[in-house]
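J.: test case, fold it:
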Amino acid sequence: MKIDAKGKTLGRLASQIAKILQGKHRADYDPSKEEDEVVEVINVKEMKITGKKFKNKLYFFHSGYLGHEKKIPLEKIWEKDPGKVLKMAVYGMLPKNKLRKKRIKRLKILS
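T.: Numbering: from 1, shown residues only. Here you go, the predicted structure:
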C-alpha cells in the first residue's frame, strides 16, 4: 500500500500506518497473526509538524552506561533523515510484543 505524506501531520500519519501494519483495516483481523502487507511512504520531507514541536521536542537515547544519555531535538534528526522521525513515531505506536520488529520492517520510506 502506498501512502503520500504530503501535507499530512506526523502523528496522524503514524497512527494510520501503525493500524495498517497491524492489519486492523482488514475484515479478517487477528492480533496474533502477522500480515504480509508492505506500507510504502512517499514525500516524507513535505510532512507537517505542528506547534513548537520542531524546536522543543527531544528524543532520548541511552547507551546503558552511566551518564551516556543523549538528548537530540527533532530539528537535528529531521535535517539528517526525515524518514527516521516517521519510523520512530510508528515504532512507538505499534504494540510492544514479539511481532513489533517484524512489522516495522514492512515499513518502506521512499523519500
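
J.: chain center to the least confident helix or strand in the chain by mean pLDDT, what's the gap?
T.: When the helices and strands of the chain are scored by mean pLDDT, DSSP states H and E, helix 53-56 comes last with a mean of 91. Computed by CA atoms, centre = their mean, to the nearest Å, the chain-centroid distance of helix 53-56 equals 17 Å.

J.: and for stretch 60-78?
T.: Chain-centre distance of stretch 60-78: 18 Å, with CA atoms, centre = their mean.

J.: residue with max distance from the center of this structure?
T.: Here the chain reaches farthest from its C-alpha mean at residue 66, the gap being 28.3 Å by CA atoms, centre = their mean.

J.: using the three-state scheme, assign that one.
T.: Under DSSP: H, G, I helix; E, B strand; the rest coil, the three-state class of residue 66 is coil.

J.: show the model's pLDDT score for it.
T.: Looking at residue 66, its pLDDT is 93.

J.: ok, it to residue 11 distance?
T.: Look at residue 66 and residue 11: by CB to CB, to the nearest Å, they are 33 Å apart. Placement of C-beta: from N, CA and C, glycine included.

J.: residue 50 too?
T.: 8 Å.

J.: look at the two and report which has more neighbours.
T.: More crowded of residue 50 and residue 11, by other CB atoms under 10 Å: residue 11, with 13 against 10.
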